[in-house]
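In: take a look and give me a structure for this.
(one chain, ligands or ions: 1)
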Amino acid sequence: GVCGYAHYMLKEIHEQPKSLNDAMISRVDALKGTIDLPELGLTKEQVNQFKRIIIVACGTSYHAGLLGKYAIERLTDLPVSVEIGSEFRYAARRLTQDALIIAISQSGETADTIAAVKDAVQKGIHVIAITNVFGSTITREAPSTIYMHAGPEIGVAATKTFTSQVMILYLLALYLSKQRDTVAPQELKQMIVSLKSVPQKVQQVMEQESYIKELSKLFSNSGSFFFIGRNMNYPVALEGSLKIKEIAYVFSEGFAAGELKHGPIALITTQVPVVAIATRSPTYDKTISNIKEIMARDAVVLAVASESDDSIGRLTKLVVRVPDACEFTSPILSSVVLQLLSYYTALYRGCPIDKPRNLAKSVTVE
Ligand code: F6R
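Out: Numbering: from 1, shown residues only. Take a look at the predicted model:
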């Protein structure tokens, strides 16, 4: 065992209340309602010169970037696009100096992401790197770096570093909105209070572990999975789907719930479990409609839902509860559920969890 855990992945999933708290230390002041990111080295004037943001990353870090896009667009006046590292250089759009690039890489060594950073820096564009590894290559290429402080991640699957990336992106969104005066001080304060409660709520999610383990056993012989979600739960679905592919070796697809009826629903059968992220959000009702479409085909739906949702149990008996939370916090909580689901599914399938075949912790070739 690894410090009392069977695998690094499980240990790292359980470390999240601490790693999420560490991401906020000395940056978030809940009493004053302020966010401080001195490591950026940017003046208010510089922050106000940006006209748009491009987030660049690969794999799980790309999914964190998608959540970052929602947060930044919700809190600031800046349009954000998210690009895959290996595609960044080949895009036809013209890069101008009023763009800000945010490059996300846990290892700081991913060749495709670093190539994008070099390209942008060469064109005189400001780059903020978000990484977990001190002195990694990306920190030497990018003019600004924000460290995640998540501690070393040994398991090949990104878990605690995913939620830390999301947290850092939220802090950055709040910081940008403060500097650009796009958020009311009261709202900023509320958001900060809500983020401060994340570690404790993640701890509460762990209380569902034995139930998630049971569900994983139930589904461990399924040949494929679907993961669906809307809005901020869409990247959560993509990340849940990636995790189960790489760790449990099960074919899986993540979809925006509304896209299902445009094709993939043809693949829905009683043999394909659908994991639906259906926590309370402005798109809750529409997600429920999508779940009904699936249930009408006799497929099995496993829902991730809010604690206070007492109607979803009438649709499906398989419901994992997460604490009620704001629209930013909730995706972090649901992601932890899906990490545990992948872990236990892989365990029942006898997979080498910390070292899945064909994968390396950092991908240093383009
Ligand atoms: C998935 C995973 C990979 C990485 C990707 C980017 O669990 O670990 O998809 O997220 O290779 O790695 P970094 O963030 O180091 O650039």
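In: can you check the pLDDT for the nearest residue to residue 66 once chain neighbours are set aside?
Out: Of all residues not flanking residue 66 in the chain, residue 235 sits nearest, at 3.8 Å (CB to CB, 6 or more residues apart in numbering). Just so you know, the C-beta spots here come from the backbone N, C-alpha and C atoms, and that holds for glycine as well. Residue 235 carries a pLDDT value of 98.
In: that's a strand at residue 235, yeah?
Out: No - per DSSP: H, G, I helix; E, B strand; the rest coil, residue 235 lies outside any strand segment and is helix.
In: my read: it touches residue 67, true?
Out: Yes - Residue 235 lies in contact with residue 67 (CB atoms under 8 Å); the separation is 5.0 Å.
In: quick check: neighbours shared by those two?
Out: Counting by CB atoms under 8 Å, 6 or more residues apart in numbering, the shared contacts of residue 235 and residue 67 are residue 331.
In: who has more neighbours, these two?
Out: Of the pair residue 235 and residue 67, residue 67 is the one with more neighbours under other CB atoms under 10 Å, namely 29 against 26.
In: in whichever strand or helix holds that one, what counts as buried?
Out: Here residue 67 sits within helix 59-75, counting by DSSP states H and E. Buried positions in helix 59-75, judged by neighbour count with 16 or more other CB atoms under 10 Å: 59-72, 75.
In: for stretch 128-147, same thing?
Out: So, applying 16+ other CB under 10 Å, buried residues of stretch 128-147: 128-133, 136-139, 141-142, 144-147.
In: likewise for stretch 17-37?
Out: So, applying 16+ other CB under 10 Å, buried residues of stretch 17-37: 17-24, 27-28, 33-35, 37.
In: just to revisit the earlier point, the residue nearest to residue 66: what's it in contact with?
Out: Shown in contact with residue 235 (CB under 8 Å, 6+ apart): 63, 64, 66, 67, 70, 229, 331.
In: still on that earlier bit, same for the helix holding residue 67, what does it pack against?
Out: strand 52-57, strand 80-84, strand 99-105, helix 160-179, helix 233-248 (3 or more CB pairs under 8 Å, 6 or more residues apart in numbering; DSSP states H and E).
In: strand 52-57 and the fourth one, what's the angle between them?
Out: Going back to what we said before, that points to helix 160-179. Helix 160-179 runs at 170 degrees relative to strand 52-57, counting by axes from the mean of the first three to the mean of the last three CA atoms, to 10 degrees.
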